[in-house]
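Asks: With the sequence up front, the predicted model follows.
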Amino acid sequence: MRGVRAAGKLSGHPPELPEADRTLMTNATDAAARPAEHAPINWVTTILFTALPLASLTVVPWYGFTHGYSLAAWMLALVSLWACGLAITAGYHRLWSHRTYSAHWSVRTVLMLFGTMALQNSILIWSSQHRTHHRFVDDWDKDPYSASRGFWFSHMGWILRDYPSGVNDFSNARDLERDPIVMFQHRFYVPLTIFMNVALPLLAGWAVGDVWGTFLLAGVLRLTINHHFTWFINSLAHMWGTQPYTDENSARDNPVMAFLTYGEGYHNFHHIFQNDYRNGVKWWQYDPTKWLIASLSWVGLAGNLKRVPELTIQRAQVAMQFKRVQQALEARRARVGDEHIERLKARVAEEYAAFRASVEQWSKVREQWVADRKQRLLQRWEETSFRLQLKQIEQGMRLQRRRLRAMSKASLA
Ligand SMILES: [Zn+2]
Ligand SMILES: [Zn+2]
């Protein structure tokens, strides 16, 4: 929201402009307002991250036309693409950066190895930077891949130069420094990377009788796709999509992004509830990372899966709906007239107050129930009565939410 507000002030865009467009404008405006920064170029990453996409666009198709790729090479590419992608989302991100669950050492080792293969730096560096990103999201100087510095910077520009915002500071990752698997990878990152990205594809290629085909598809092309799909989470997932839970930062929910990033595209939810092991929190939202973690917990290889209470999530959603309706009504004030708008605003505010009262009532009943259970005084009939009370309030809340949604649709139409 910081950025959006600034855009309104700087460029004077009308409030009716879609949220997404407004943020893009913000980035452009902010970027133009700040002088270009000429931090020293990081030659290793620049050469590598230029050569990989170039080779994927030239050598990979050329080899395909002249020699052809075996089915085994394609399969290995697909399997390694998913393994590396999920190692970043389930491992680097949801396990190590946010501690949304705990995992058996065997799972952590596999996630560490395929995360190394994704070539996105060590767990320690990645997670520490990511924690900084959450803490200072959108801040020009402190967020290492701040979306307010524009698409290019947040996508990959931040990796190609040694910006002051990207300096390593592990004071926010002391827990990771105590993790032997994390520290082993950090110490032997270069040899591990070479083994996973060069030796392993060549070895696998030799095993299936298509050495260069496998190297090009499961090595070069797979790495390029892995990189850019992950980077979309820092760039596009902060620019394109909806904000159902909060507009305090630029993060967006976007099912297209979720499809490309193993569920990480529900980034608006993630930025407000980063401790939840789910990003696609609704059961129907496409989030393979969440399904993987849940499956691991079913077979006993993961535990302590953290979930934000449903009511807290609903509260955030309804607060956003309320905010939107108020803004939309305000924008129509000139057309509809003060009196009518005030009446509508009062009705919406009433509805919102009723919802908040229900939330409070629900929490109170629930608290009483839990307290009673603790004292082991609960009779069967009492339990039924608590359940019934909670059910009734929940039903009422569902209706309240539906009414608010209808109002918001009507006022936005
Ligand atoms: Zn983010
Ligand atoms: Zn995160």
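Replies: That came through fine. Ligands and ions are numbered 1, 2, ... in the order given.

Asks: Give the full set of residues in contact with V359.
Replies: By CB atoms under 8 Å, 6 or more residues apart in numbering, the residues touching V359 are 311, 314-315, 397. (C-beta placed from N, C-alpha, C; glycine too.)

Asks: Quick check: the two most widely separated of those?
Replies: Using CB to CB, those span at most 10.1 Å, a distance reached by R315 and M397.

Asks: Strands of the stretch 251-400 of the chain, start to end?
Replies: 302-303 (DSSP state E, counting those that start in this stretch).

Asks: Give me the buried entries from the contacts of V359.
Replies: By neighbour count, with 16 or more other CB atoms under 10 Å, the contacts of V359 hold 314, 397 as buried.

Asks: Any chance of a markdown table for the contacts of V359, columns pLDDT?
Replies: Conversion of the contacts of V359 to a markdown table gives the following (pLDDT from 0 to 100):
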| residue | pLDDT |
| --- | --- |
| L311 | 83 |
| Q314 | 85 |
| R315 | 85 |
| M397 | 81 |
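
Asks: Could you point out which of the contacts of V359 is nearest to V281?
Replies: Nearest to V281 among the contacts of V359, with distances taken as CB to CB, is Q314, at 10.8 Å.

Asks: Does that closest one touch L404 like I think?
Replies: No - counting by CB atoms under 8 Å, Q314 stays clear of L404, with 11.0 Å between them.

Asks: which helix of this structure spans the most residues?
Replies: Ranked by residue count under DSSP state H, the longest helix found in the chain is helix 338-374.

Asks: give me the number of residues near the nearest residue to S102 once chain neighbours are set aside?
Replies: Closest residue to S102 apart from its sequence neighbours, by CB to CB, 6 or more residues apart in numbering: N304 at 4.7 Å. As a burial measure, N304 scores 11 neighbours (other CB atoms under 10 Å).

Asks: For N304, give me phi and psi.
Replies: The phi and psi values for N304, taken as degrees, to the nearest 10, are phi 50, psi 40.

Asks: separation between it and Q321?
Replies: 32 Å (CB to CB, to the nearest Å).

Asks: before we move on, what about A204?
Replies: Look at A204 and Q321: by CB to CB, they are 51 Å apart.

Asks: now do H134
Replies: Relative to Q321, H134 is positioned 25 Å away (CB to CB).

Asks: out of those two, which sits in the busier spot?
Replies: Counted by other CB under 10 Å, H134 and Q321 do not tie: Q321 has more neighbours, with 21 against 16.

Asks: looking at it, that one is touching A406, isn't it?
Replies: No - assessed by CB under 8 Å, Q321 is found out of contact with A406, at 10.4 Å.

Asks: Tell me how many other residues crowd H271.
Replies: With other CB under 10 Å as criterion, H271 counts 24.

Asks: what about it, distance to G64?
Replies: 40 Å.

Asks: before we move on, the earlier item: I'd assumed A103 was in contact with the residue nearest to S102.
Replies: No - using CB under 8 Å, N304 makes no contact with A103, being 9.4 Å away.

Asks: Please give the element, helix or strand, for the closest residue to G91 other than its chain neighbours.
Replies: In this structure, G91 finds its nearest non-sequential neighbour in L111, 3.1 Å apart by CB to CB, 6+ apart. Element membership of L111 [criterion: DSSP states H and E] is helix 105-117.

Asks: how far out from the middle of the chain is that helix?
Replies: Offset of helix 105-117 from its chain centre (CA atoms, centre = their mean, to the nearest Å): 20 Å.
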